[in-house]
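Visitor: Structure of the sequence below:
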Amino acid sequence: MSYEEDLRRIALQEQRLMFERFGQEEAWALGVWLRQAGLERGGALVVDVSLHRQQLLRLAVGPATPDHDDWVRRKRATALHFARSSYAIGLSLAQQGTTLEIKSGLPHRDYASHGGAVPLVVAGAGCIGALTVSGLPQREDHTLAMAALAHVQGRDISDIVLV
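Guide: Purely as a prediction, here's the structure:
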């Protein structure tokens with residue numbers, strides 16, 4: 001699939017998966033669903049749900065390492081900075097042939113434009129935090145995070161999944 005088509009679908013995902021409210025219960029529901037998905041997939045998976053600087057939930061499935069936590073931190077910082085999914089940012093930069101450091105002056109040690117962090121957006125309030133998944137290839141991290149948002153909200157996104 002082309003960058004343009006993926007970016008179009010991601011924009012629709014972000015638009016459709018806006019919350020009416022978001023708090024500890026929603027964070028817990030995301031964690032429960034993602035833990036089960038991680039167990040079913042096998043391998044390592046780290047999940048983080050944060051409201052800006054407050055971590056509401058962090059869990060690890062399988063043989064997670066400190067590297068996974070660092071990827072979570074950097075991808076989350078990107079999603080929060082741009083209020084867009086880290087995968088959309090990465091695709092957009094690849095399309096332009098540039099990097100976060102060159103385009104925005106954001107250091108590689110603190111930001112990552114790889115898939116897995118998605119903004120938590122509340123209608124009328126904007127981006128209040130991020131859900132971050134790390135451990136799979138970046139496209140799968142993104143897809144799993146969006147599937148979790150859709151599940152918790154009871155929304156069907158089958159027409160806009162990345163294929």
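Visitor: ok, the residue nearest the centre of the chain to Asp156 distance?
Guide: The structure's the chain has its C-alpha centroid closest to Ala117; by CA atoms, centre = their mean the separation is 2.2 Å. Note on Ala117: its distance to Asp156, by CB to CB, to the nearest Å, is 23 Å. Using the backbone N, CA and C atoms, a C-beta is placed for each residue, glycine as well.
Visitor: next one: Cys127
Guide: For Cys127, the distance to Asp156 - CB to CB - is 23 Å.
Visitor: Between these two, point out the one with more neighbours.
Guide: Per other CB atoms under 10 Å, whichever of Cys127 and Asp156 has more neighbours is Cys127, with 18 against 9.
Visitor: so who does the closest residue to that one other than its chain neighbours touch?
Guide: Spatial nearest neighbour of Cys127, chain neighbours left out: Ala83 (3.8 Å); criterion: CB to CB, 6 or more residues apart in numbering. Counting by CB atoms under 8 Å, 6 or more residues apart in numbering, Ala83 touches 119, 121, 126-127.
Visitor: can you name the two of these that are farthest apart?
Guide: Pro119 and Gly126 (8.8 Å; CB to CB).
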